[in-house]
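A.B. asks: quick one: sequence plus predicted model below, questions after.
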Amino acid sequence: MKKKKHNKIKHSPSKLHLNVVPSFRKSNMKLRPLKKKKRCLSESIFCERTFFNVETTDENKYLPVQDTSTKATYSYAVINKGNFPAVAKIQISPNARNYADDTEQPVDAGETVVLVPNRFLRYTRLAVRSERSDESTIVDVYFQSQEVK
């Protein structure tokens, strides 16, 4: 009786060697669509950027641009710590160069307001200014967002 020949696996510290290399034929390979993985909505990532003691003037002061393309939800909280009213405005852009005004809201002295854009484009920034010229004020701004992973 003949003994069956078995493929042996040889172990070495750095490599795994097989005595036989499998062959693939076109007829053996079946293509099938990839299954989409379900997203678990409870697995979200919280992100925050803060801008403290931003002094307003009668001209718009633009805060750094945010790439909001992957954000499920995001908003700006503006806290007016000064004695005079300010105006906060969200601007959106497709390319971080050309901006369109979206939402604008006054922020009275001592007040906190939350701004959320009405429309979506990839980039978002906030502009703040004094409501009246020669009445500068100080604001703190929080950009908060959630990404779903």
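C.D. replies: The structure has been received and is ready for your questions.
A.B. asks: hang on, A77 in a strand?
C.D. replies: Yes. The assignment for A77 is a strand, going by DSSP: H, G, I helix; E, B strand; the rest coil.
A.B. asks: could you number the chain from 21 rather than 1 from now on?
C.D. replies: Got it, the first residue is 21 from now on, which makes the last one we talked about A97.
A.B. asks: wait, it sits on T132?
C.D. replies: Yes. Using Cβ atoms under 8 Å, A97 makes contact with T132 at a distance of 6.3 Å. (Glycine included, C-beta is placed from N, CA and C.)
A.B. asks: and the next helix or strand past the lowest-mean-pLDDT helix or strand in the chain?
C.D. replies: In the chain, no helix or strand scores lower on mean pLDDT, DSSP states H and E than strand 36-38, which sits at a mean of 42. Note on strand 36-38: by DSSP states H and E, the next helix or strand toward the C-terminus is strand 64-75.
A.B. asks: great, nothing more from me.
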